[in-house]
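Participant: Here is my input, please return the structure:
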Amino acid sequence: MSPAGATSSTWFQRFLLPGFAFKAVVIGGGYATGRELAEFFLPSGPWGGVAGMLLAMVIWSVVCVTTFLFARASGARDYLSFFHALLGRGWVVFEIAYILFVVLILAVFGAAAGAIGAAMFGLPKIAGTLALMTAIAGFVMFGNTSVERLFKYVSFLLYGVYVLFMLLAFTHFGDRILAGFALDVPATDWALGGVTYASYNIIGAIVILPVVRHLTCDRDAVVAGLLLVCCMLLADRFGLVALIAKGYRALAAIFLLIYVVPLMTLGVARLLRRGSVVRQS
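Facilitator: Model (predicted):
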C-alpha cells in the first residue's frame, strides 16, 4: 500500500525525518536537561550506563521498525487509527495514558525552559516557560510543514552542537573520562534503567505519525495552545526532578503494557499473517 503523495516525498522526508522527529521527542522530553542521565544511567556506573543506553537503543530500533510496518500495513496515519487497529475497543486505555504523557512531557519542557532562563539570564522561571509556550504555539499554528522544517534545521544544529561538545569534552577532560571508566563501580540495575528509559520514550514513534495534522482550523490551534499553558505551568508546582523520577517511571510501565507488549505480540502476528497471505496470492 502506498500512501497518497508518497511519490512526491523526498529522500529526506522518507528516511531521515522520522528519525529526527523521534529524536526531538526523546531529547526534548528530558534528555537535554541531563536529568534523565542522572536518573536512569549514572547510578549503574560508567560501563553499566553505557550498557543501559545500548539496550535502550536496541529496544527503540526494534519497536520503531515494527510500529512503522504495522502503521503502513493498517493504513494508520495517526495514533488513534493505529491503536484502533492494534487494540480494537481497548484503544481508549492508550488514549488515557497518552493524555497523561502529554501533560507530563509539556510540564518537563516548561520546567527545563524556566530553569535555563533563570540560570543563563537571571530571569524568573515563569519567563522561560512562557517563551517556550509562545514558540511552540507559533510553529504548531502553521501546521505540519512548519514543524517538519523545524525538525530538519534544528536537528542539523543540534547534532553540530553535540559533535562540538564531544570534541571539547575529550580534548579538555579526556583523562578524567578514562579514569572514570577505570573505576571499579558495580554495573547494577543497568537493564532496568535501559528498559525504563526506552519504554516511555518509545511513545515518540506514535507521536510522529503525526498528530499536528489534526489542527484543522484556527479554533483547534487556540484550544491546543491553551492546553500548552495548563500543562507547562504544572512545572512550577512539581519541579523537574520529581516529574522525571516519578512520572516517567509510571508511564514506562503503562506504555510497556498497552503499547510495546501488544505490538510485539498481536501486531507481529498480524504482520506475519499478512505476509503469508500476500505470498500465497
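Participant: Find me the pLDDT at the residue nearest to L263 when sequence neighbours are not counted, would you?
Facilitator: Among residues not flanking L263 along the chain, T66 sits closest, at 5.7 Å (C-beta to C-beta, 6 or more residues apart in numbering). For every residue, glycine as well, the C-beta is placed using N, CA and C. pLDDT for T66: 90.
Participant: just A4 next, same as before
Facilitator: 44.
Participant: what's the answer for T171, then?
Facilitator: The per-residue pLDDT reported for T171 equals 94.
Participant: Regarding it, what is its secondary structure?
Facilitator: helix (DSSP: H, G, I helix; E, B strand; the rest coil).
Participant: Measure how buried it is and give me the count.
Facilitator: 8 (other C-beta atoms under 10 Å).
Participant: I'd like to know how far it sits from F165.
Facilitator: 11 Å (C-beta to C-beta, to the nearest Å).
Participant: if we can go back for a sec, quick one: the residue nearest to L263 and P262 touch, right?
Facilitator: No. Using C-beta atoms under 8 Å, T66 is not in contact with P262, being 10.9 Å away.
Participant: Can you give me the buried ones in the helix or strand containing G138?
Facilitator: According to DSSP states H and E, G138 maps onto helix 125-141. Across helix 125-141, burial judged by 16 or more other C-beta atoms under 10 Å covers 125-126, 128-130, 132-133, 136-137, 140.
Participant: try stretch 177-185
Facilitator: V185.
Participant: cool, stretch 102-119 as well?
Facilitator: So for stretch 102-119, counting by 16+ other C-beta under 10 Å, buried means 102-117.
Participant: residues in contact with V26?
Facilitator: Contacts for V26 (C-beta atoms under 8 Å, 6 or more residues apart in numbering) come out as 201, 204.
Participant: so it is in which element?
Facilitator: helix 17-28.
Participant: Run the chain-centre distance for that helix.
Facilitator: 6 Å (C-alpha atoms, centre = their mean, to the nearest Å).
Participant: Return the mean pLDDT over it, rounded to an integer.
Facilitator: 74.
Participant: I'd like the C-alpha coordinates of it written as PDB, please.
Facilitator: The C-alpha coordinates for helix 17-28 follow below in PDB (Å, rounded to 0.1, in the frame of the first residue of the first chain):
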ATOM      1  CA  LEU A  17      12.700  13.000   9.000                       C
ATOM      2  CA  PRO A  18      11.100  10.200  11.100                       C
ATOM      3  CA  GLY A  19      14.400   9.700  13.000                       C
ATOM      4  CA  PHE A  20      14.800  13.400  13.500                       C
ATOM      5  CA  ALA A  21      11.300  13.700  14.800                       C
ATOM      6  CA  PHE A  22      11.700  10.800  17.100                       C
ATOM      7  CA  LYS A  23      15.000  12.200  18.400                       C
ATOM      8  CA  ALA A  24      13.200  15.500  19.100                       C
ATOM      9  CA  VAL A  25      10.700  13.800  21.300                       C
ATOM     10  CA  VAL A  26      13.400  11.900  23.200                       C
ATOM     11  CA  ILE A  27      15.800  14.800  23.700                       C
ATOM     12  CA  GLY A  28      13.100  17.400  24.400                       C
END
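Participant: Buried residues, that helix. List them.
Facilitator: Neighbour-count burial for helix 17-28 [16+ other C-beta under 10 Å]: 17-18, 20-28.
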